[in-house]
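Student: Turn this into a model:
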Amino acid sequence: HTPIGVFRDIRRPVYDTLMADQLDTAVERYGKADLGDLLTGSDTWTVAR
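Tutor: Numbering: from 1, shown residues only. Down below sits the predicted model:
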């Protein structure tokens with residue numbers, strides 16, 4: 001058998017690392033979220049059919 005194609009070794013961040021970085025950035029920018037505040041807050045909307 002003869003390998004055909006291009007073999008490359010490229011270092012790229014994996015999904016988990018990118019997602020963790022994005023979450024860390026959001027916490028730094030907006031602070032840590034509180035689900036209780038979200039659920040009991042006054043910012044509501046209605047879905048109409």
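
Student: show me the residues around residue 29 that make contact.
Tutor: Taking Cβ atoms under 8 Å, 6 or more residues apart in numbering, we find residue 29 in contact with no residue. (C-beta placed from N, C-alpha, C; glycine too.)

Student: For it, give its distance to residue 23.
Tutor: Computed with Cβ to Cβ, to the nearest Å, the distance linking residue 29 and residue 23 is 11 Å.

Student: One more: residue 1?
Tutor: From residue 1 across to residue 23, the span is 45 Å (Cβ to Cβ).

Student: Looking at those two, which has the bigger crowd around it?
Tutor: A side-by-side neighbour count of residue 1 and residue 23, using other Cβ atoms under 10 Å, places residue 23 first with 10 against 3.

Student: host element of that one?
Tutor: Taking DSSP states H and E as the criterion, the element that holds residue 23 is helix 15-30.

Student: gap between that helix and the chain center?
Tutor: The offset between the C-alpha centroid of helix 15-30 and the centroid of the whole chain comes to 6 Å, using Cα atoms, centre = their mean, to the nearest Å.

Student: Which elements pack onto the next helix-or-strand element following it?
Tutor: Per DSSP H and E, the first helix or strand lying C-terminal to helix 15-30 is helix 35-40. Counting contacts by 3 or more Cβ pairs under 8 Å, 6 or more residues apart in numbering; DSSP states H and E, helix 35-40 packs against no other helix or strand.

Student: average pLDDT for helix 35-40?
Tutor: Here helix 35-40 scores 87 as its mean pLDDT.

Student: How about stretch 6-26?
Tutor: 92.

Student: what's the first-to-last distance across it?
Tutor: Distance between the two ends of stretch 6-26: 38 Å, counting by Cα to Cα, to the nearest Å.
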